[in-house]
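K.L.:
Sequence and predicted structure below; questions after.
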Amino acid sequence: MAGIELLSDQGYRLDGRKATELRKVQARMGVFGQADGSAYLEQGNTKVLAVVYGPHEVRGARSKILYDRAVINCQYSMATFSTAERKRRPHGDRKSSEMSLHLKQTFEAAVLTQLYPRSQIDIYVKILQADGGNYSACVNAATLAVIDAGIPMRDYVCACTAGFVDDTPLADLCHAEESGGGTSLAVALLPRGGQIALLQMDARLHQDHLDTLMEAAMTACKGVSKVLDEVVRQHLQEMSILTGE
Amino acid sequence: MAADMRLPTVRKQVSLSGSKSAIASLVVPGDVITTDTGFMRGHGTYLDEEKLTASVAGEVERVNKLICVRPLKTRYNGEVGDVVVGRITEVQQKRWKVETNSRLDSVLLLSAVNLPGGELRRRSAEDELSMRDYLQEGDLISAEVQAVFSDGALSLHTRSLKYGKLGQGVLVQVSPSLVKRQKTHFHYLPCGSSIILGNNGFIWLYPTPGQQDEDAGGYYTSIEPVALSDREVISRLRNCILALAAHKVMLFDTSVLYCYESSLTHQIKDILKPEVMEEVVLQTRHRLADQEG
């Protein structure tokens, strides 16, 4: 590759991780009092806030109402200060509408929407600091927020990216690796059943490599799911002890 | 004006020792509760290839053959007979739509309200036209749940003089799970204010009314200025309720009153400071525990 060396001869990446190593994931649930559910998640240097309102009556256009299940409304946005270059990002630009759509598809696969006919669930995510893997960090944060809101889901939705450099799949790409021009594959997975909620790849990749790349991404997702599981259980225990007294 | 500023502090860790039995029954979405097919599937669960699986994070409750998972925090799930406080969002033909923190807006039918001028009055077309004179968008009401529809929407009624439009007061919103179910949810507190603890987590604080005007049928609202002393009591109660809710103490007349009494040594505006809040709530908890014996 022309630019920087993404994988050293010793098998280390730019930030010192091994090929299959994830970035550090830290999260907290219930960060806002006003919303029905909320969560804050850090995946390496990518920081995301997710807020869930609902299920509630459909506001605005009545034509949106679905009579057999709930409408999921996602909104993705990035803070002006989230990237290296300070930039005002108006709502509804193409990149964020695409991301909103992807989030919507992901959560329609996971949330049991048929339990709430004629209602609406709002999921708002905001990137506070972008360092690669924005989509996956958003999905992970939104999952925690949905769980915090007490909305029924089939399973956690865990997302992670994977790249392919020097015939080696790299898990959980950071910004430098993503912008290096290589392949980046984003997977959203329901880890227990192994169902894929969303799969996205923008660049070209030889068919022979797809299986190994998918394998790496799915293993990474399962790693993320372990961390999320720990966060949820910790939160549950704390809350039940507080209310139990 | 002096402003109160503070530096960020480390969040206190909740000690996870003790009550191990409760922890055992906690599940997260996707957890298999049982593979036995003899059980019935309740709320918060779904069947995944014959396995009963949790769909929400919470506590497993088992009643005979029925398994439910109760999430720690949800929107309000109405039950017949609950007292609720809500806000009118829409005036439609023959009905009002009321926001009650439920999954869908509740309905208040024109035939389910007490109109001024007697119990037995026919509802004419004129009444339909003048619905907005009784209740309009943004008005707050107290009501009782009359029925729950199949999709979970609630039907309300205000066919009693204790329900109806709310006048001057303060609304506090807390999680519905924090309001303790009791025989009565209307209380005249001895500190000089009244409280409606709605089961939907909407709590209404208002000055204790003098005498009820029977003819108005609950639609008369006083616009007399409220005395400063009453307003102070109401503000203090509001802060006390927020403090109790922040520490997840169940809300009912005694807990609110105890918290009010233990907060009297502090200024009203100081009650919501973390350290004062902790102290006041701790005192309340002790008094509640003492009272239980």
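P.N.:
Thanks, I have it. Numbering: from 1, shown residues only, chains lettered A, B, ... in the order given.
K.L.:
Excluding chain neighbours, give the residue nearest to residue B:159 in space.
P.N.:
residue B:114 (5.6 Å; C-beta to C-beta, 6 or more residues apart in numbering or on different chains). Yep, even glycine has a C-beta here, placed from its N, CA and C like the rest.
K.L.:
Could you do residue A:80 as well?
P.N.:
Distances taken as C-beta to C-beta, 6+ apart put residue A:88 closest to residue A:80, at 5.5 Å, once the chain neighbours are dropped.
K.L.:
Any idea how many residues pack against that neighbour?
P.N.:
5 (other C-beta atoms under 10 Å in any protein chain shown).
K.L.:
Could you do the one 4 residues further on as well?
P.N.:
Neighbour count of residue A:92, defined by other C-beta under 10 Å: 10.
K.L.:
Same check on residue B:85?
P.N.:
Number of residues near residue B:85 (other C-beta under 10 Å) recorded here: 26.
K.L.:
Longest helix in chain A, by number of residues?
P.N.:
The residue-count maximum for a helix in chain A (DSSP state H) belongs to helix A:207-244.
K.L.:
How about stretch B:241-261, which residues are buried there?
P.N.:
B:241-245, B:247-249, B:251-261 (16 or more other C-beta atoms under 10 Å in any protein chain shown).
K.L.:
So, low pLDDT: which residues of chain A?
P.N.:
Within chain A, the ranges that satisfy pLDDT under 70 run A:1-3, A:245.
K.L.:
Pretty sure residue B:26 sits against residue A:237.
P.N.:
Yes - using C-beta atoms under 8 Å, residue B:26 is in contact with residue A:237, at 6.7 Å.
K.L.:
which one of the two has more residues nearby?
P.N.:
Each of residue B:26 and residue A:237 has its neighbours counted (other C-beta under 10 Å); residue B:26 has more, 20 against 16.
K.L.:
picking up where we left off before, so the residue nearest to residue A:80, which state does it fall into?
P.N.:
coil (DSSP: H, G, I helix; E, B strand; the rest coil).
K.L.:
I'd like the distance between it and chain B.
P.N.:
Computed as C-beta to the nearest C-beta, to the nearest Å, the residue A:88 to chain B distance reads 28 Å.
K.L.:
Backbone torsions only: list them for that residue.
P.N.:
Residue A:88 adopts backbone torsions of phi -80, psi 130, taken as degrees, to the nearest 10.
K.L.:
thinking again about what came up before, what's the burial count for the residue nearest to residue B:159?
P.N.:
Neighbour tally, residue B:114, other C-beta under 10 Å: 20.
K.L.:
got it, and residue B:84?
P.N.:
If we define neighbours as other C-beta under 10 Å, then residue B:84 has 27 of them.
K.L.:
With residue B:49 instead?
P.N.:
Neighbour count for residue B:49, taken as other C-beta under 10 Å: 8.
K.L.:
Quick check: it vs residue B:37, distance?
P.N.:
From residue B:49 across to residue B:37, the span is 11 Å (C-beta to C-beta, to the nearest Å).
K.L.:
picking that back up, so which of the buried residues of stretch B:241-261 are also by chain A?
P.N.:
Restricting these to those near chain A by C-beta under 8 Å from any C-beta of the partner chain leaves B:247-248.
K.L.:
which stretches of chain B have low pLDDT?
P.N.:
Scanning chain B for pLDDT under 70 picks out B:15-24, B:117-122, B:211-221.
K.L.:
Go ahead and flag the most central residue of it.
P.N.:
residue B:201 (1.9 Å; C-alpha atoms, centre = their mean).
K.L.:
now the helices for the chain?
P.N.:
Using chain A here. According to DSSP H, the helices that chain A contains are A:94-110, A:134-148, A:175-178, A:207-244.
K.L.:
should've been chain B
P.N.:
Using DSSP H, the helices assigned to chain B run over residues B:20-24, B:125-129, B:131-134, B:228-246, B:253-262, B:274-292.
K.L.:
Now the ones you listed in a markdown table, please, with extra columns for distance to residue B:54.
P.N.:
Shown next, in a markdown table, are those (distance: least, C-beta to C-beta, whole Å):
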| stretch | distance to residue B:54 |
| --- | --- |
| helix B:20-24 | 14 |
| helix B:125-129 | 47 |
| helix B:131-134 | 44 |
| helix B:228-246 | 26 |
| helix B:253-262 | 31 |
| helix B:274-292 | 31 |
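K.L.:
Run through the residues that contact residue 58.
P.N.:
All of this is about chain A. A:64-65, A:71, A:118-120 (C-beta atoms under 8 Å, 6 or more residues apart in numbering or on different chains).
K.L.:
The intended chain is chain B.
P.N.:
Contacts of residue B:58 were listed using C-beta under 8 Å, 6+ apart, and they are A:150, A:236, B:26-27, B:44, B:69-72.
K.L.:
Same question for residue A:116.
P.N.:
Contacts of residue A:116 (C-beta under 8 Å, 6+ apart): A:55, A:69-70, B:103, B:152.
K.L.:
Nearest residue to the spatially most central residue of chain A in space, please, no chain neighbours.
P.N.:
In chain A, the C-alpha nearest the mean C-alpha coordinate belongs to residue A:139, at 2.2 Å (C-alpha atoms, centre = their mean). Nearest residue to residue A:139, sequence neighbours excluded (C-beta to C-beta, 6+ apart): residue A:159, at 3.8 Å.
K.L.:
Dig out what that neighbour forms beta bridges with.
P.N.:
residue A:188 (DSSP bridges).
K.L.:
I'd guessed it sits against residue A:221; true?
P.N.:
Yes - Residue A:159 is within contact range of residue A:221, at 6.5 Å (criterion: C-beta under 8 Å).
K.L.:
Need the overlap of contacts for those two.
P.N.:
With C-beta under 8 Å, 6+ apart, residue A:159 and residue A:221 have common neighbours A:187-189.
K.L.:
These, buried ones only, as a ChimeraX selection?
P.N.:
Buried members of the shared contacts of residue A:159 and residue A:221 can be picked out in ChimeraX with the line below, counting by 16+ other C-beta under 10 Å:
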select /A:187,188,189
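K.L.:
Which member of the shared contacts of residue A:159 and residue A:221 is positioned nearest residue A:197?
P.N.:
residue A:188 (4.2 Å; C-beta to C-beta).
K.L.:
and that closest one, what does it touch?
P.N.:
Per C-beta under 8 Å, 6+ apart, neighbours of residue A:188: A:106, A:136, A:139, A:157-159, A:196-199, A:221.
K.L.:
Over to residue A:29?
P.N.:
With C-beta under 8 Å, 6+ apart, residue A:29 has these contacts: A:37-39, A:144-145, A:147-148, A:231-232, A:235.
K.L.:
And residue A:57, by the same measure?
P.N.:
Neighbours of residue A:57 in contact, by C-beta under 8 Å, 6+ apart: A:118-120, B:89, B:97, B:99, B:104-105.
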